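1. Show me how the following folds:
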Amino acid sequence: MSTEWQSKLRRLPSVSALLTDEAIAQAGERHAHDRIVSALQAVIATAREQIRRDGAEVPEPRALVELAIAHLAADTRCHLRRVVNATGVVLNTNLGRAPLAPEAIATLAETAGAYSNLEFDLETGHRGSRYQHVEGLLCQLTGAEAALVVNNNAAAVLLVVDTLARGREVVISRGQLIEIGGSFRIPEVITASGARLVEVGTTNKTHRQDYERAIGPDTALLMRCHTSNYRIVGFTSEVSPAEMAELAHAHGLVAVEDLGSGMLVDLSPFGLPKEPTVQETVASGLDLVTFSGDKLLGGPQAGLIVGRKDLVARLKRNPLLRALRQDKLTLAALERTLRGYLDPERAIAEIPTLAMLARPADQLATAAERLGTMLRGLPSLGVSLQPGHSQVGGGSLPATDLPTTLVTLTWEGKSAQWLLDALRTADPPVVARIEQDRVLIDPRTLLPGDAEQVVAALEGLNPHD
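-> Numbering: from 1, shown residues only. Okay, the predicted model is just below:
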């Protein structure tokens, strides 16, 4: 046996021999010579190990070249990649939450590929503020006096508490001590800012007198956290934003709400639960409201703060803002997204997150039937349609099921997990889900052109993998 595998090893082509291949020569136009050599050495080393360990046959030189070229392609591909979201979870945190509208993408690309007036006032010719590009829009859309943008909503809460309550007390209901993504918790964000947390009420019921009893000489803020990622139902009670604002102002305090998802249009006409909009929350009299940019707003990741002009001015003077500030690309995408809301009907049609959430059931059934027709006839693939439910995701509108029509897939002789994994390793990757040993494709979260990508991924599957 030893003599046999040694003979195989001797038949492996050398790196110099493979370098003469025409495909390798063409690869030299895109890759440095040293990288090509390293790729060839890697595939030859792998073949050598397979021969020694398993007694594998000697691969043909062409096969080694193809493996090396694939290795080069994988090595140069960005790790952060576009994927097809077939899960039906609209704000899928693992998949980057809200996809941007085409106009926002175009604005982002234009800004990224050139210089910009990020901190330059074109009217005066002097230094400007990066926040001026979105502050006026946010005020116009929400009815607030002033606005500020940081890098996410947790940062917005941190900045507010650090500025207005460092060394003092923040009073909040026990029923609103939420945990957000990545196991970060509101109590930890508050204490990290140097404030002391005072919990009042119970998990299911908190009354005005609970806040009143907690107010003392060290109290700085009364705070609400909208429970956008869970629901407490049944025997419940909470203090309304307007009542909290009235109470805070009666004691010379500031009232703040972390609104979470940040909805700018009411989606209840499309069958979704009624959620407080940012405009309604600002109008309640609260002094500051914070919310996210990449959830129900449908924009890039950002933390938005709107409210009283004097308080926002104090936030802007906090040195911490330098560490939390947004870059030009996010501001460009955010501005264009916000401008879409100047026409709410157009926003619902053109901002992908809103369009997906508002998409009617009959359109989803048509899209599922179209995809099923495209897939039927592929060898070994079983295709059927069934009613199902999508989810909002992203810690928004919990326990809300959106009716949809699912395309279910099976592959003859293979498990659903094999099919799910194979789709995930396609180019681009298709991310789906499994239910009752079948792979489910939900058309709600397929963007234009994604259905064709799903078909291409299935056409390219190798059942011998």
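2. Secondary structure element for R213, which one?
-> helix 208-214 (DSSP states H and E).
3. Downstream of that helix, the next helix or strand is which one?
-> Note on helix 208-214: by DSSP H and E, the next helix or strand toward the C-terminus is strand 219-225.
4. packing partners for that next one?
-> helix 153-165, strand 169-173, helix 241-250, strand 254-260 (3 or more CB pairs under 8 Å, 6 or more residues apart in numbering; DSSP states H and E). All C-beta spots, glycine's among them, are computed from the backbone N, C-alpha and C.
5. Going by neighbour count, list what's buried in the helix holding R213.
-> D210, Y211, A214 (16 or more other CB atoms under 10 Å).
6. With stretch 69-81 instead?
-> I69, H71, L72.
7. can I get those in a markdown table with secondary structure, pLDDT and distance to G382?
-> Formatted as a markdown table, the buried residues of stretch 69-81 follow (DSSP: H, G, I helix; E, B strand; the rest coil; pLDDT from 0 to 100; distance: CB to CB, whole Å):
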| residue | secondary structure | pLDDT | distance to G382 |
| --- | --- | --- | --- |
| I69 | helix | 89 | 34 |
| H71 | helix | 86 | 34 |
| L72 | helix | 86 | 36 |
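8. So which of these is the closest to I178?
-> Nearest to I178, judged by CB to CB, of the buried residues of stretch 69-81 is H71 at 45.5 Å.
9. Please look at that closest one and A45 and confirm they touch.
-> No. Look at H71 against A45 with CB atoms under 8 Å: they stay out of range, at 11.4 Å.
10. So, low pLDDT: which residues of the stretch 101-250 of the chain?
-> Counting by pLDDT under 70, the stretch 101-250 of the chain has low-confidence residues at 180-184, 228-235.
11. ok, now with 80
-> 178-185, 203, 227-237 (pLDDT under 80).
12. So what's the gap between stretch 304-315 and the chain middle?
-> Counting by CA atoms, centre = their mean, to the nearest Å, stretch 304-315 is centred 26 Å from the centre of its parent chain.
13. Quick check: end-to-end length of it?
-> 12 Å (CA to CA, to the nearest Å).
14. Which residue ranges make up the domains of this structure?
-> 2-76, 84-93+357-459, 102-350 (automatic domain parsing).
15. ok, for A195, nearest residue in space, not its chain neighbours?
-> A165 (4.1 Å; CB to CB, 6 or more residues apart in numbering).
16. tally of neighbours for that neighbour?
-> Other residues near A165 come to 25 when the count uses other CB atoms under 10 Å.
17. That one and A220 touch, don't they?
-> Yes. Between A165 and A220 there is a contact at 3.7 Å, judged by CB under 8 Å.
18. Report all helices and strands that the helix or strand harbouring A73 contacts.
-> Using DSSP H and E, A73 sits within helix 61-76. With contacts taken as 3+ CB pairs under 8 Å, 6+ apart, helix 61-76 sits against helix 15-18, helix 22-27, helix 33-54.
19. next one: it to chain centre, how far?
-> Worked out by CA atoms, centre = their mean, helix 61-76 lies 33 Å from the chain centre.
20. Also stretch 80-95?
-> For stretch 80-95, the distance to the chain centre is 8 Å (CA atoms, centre = their mean).
21. Kindly export that stretch (C-alpha atoms) in PDB.
-> The C-alpha trace of stretch 80-95 is given here as PDB (Å, rounded to 0.1, in the frame of the first residue of the first chain):
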ATOM      1  CA  LEU A  80     -20.000  40.500   4.200                       C
ATOM      2  CA  ARG A  81     -22.200  39.500   1.300                       C
ATOM      3  CA  ARG A  82     -25.600  39.900  -0.100                       C
ATOM      4  CA  VAL A  83     -28.000  37.000   0.700                       C
ATOM      5  CA  VAL A  84     -31.500  36.100  -0.400                       C
ATOM      6  CA  ASN A  85     -33.900  36.300   2.500                       C
ATOM      7  CA  ALA A  86     -36.500  33.600   2.000                       C
ATOM      8  CA  THR A  87     -37.300  33.300   5.700                       C
ATOM      9  CA  GLY A  88     -40.400  35.500   5.700                       C
ATOM     10  CA  VAL A  89     -38.900  37.500   8.600                       C
ATOM     11  CA  VAL A  90     -39.000  41.000   7.300                       C
ATOM     12  CA  LEU A  91     -36.700  42.700   9.800                       C
ATOM     13  CA  ASN A  92     -34.300  39.800  10.100                       C
ATOM     14  CA  THR A  93     -31.600  41.000  12.500                       C
ATOM     15  CA  ASN A  94     -29.100  38.200  11.400                       C
ATOM     16  CA  LEU A  95     -29.600  39.300   7.800                       C
END
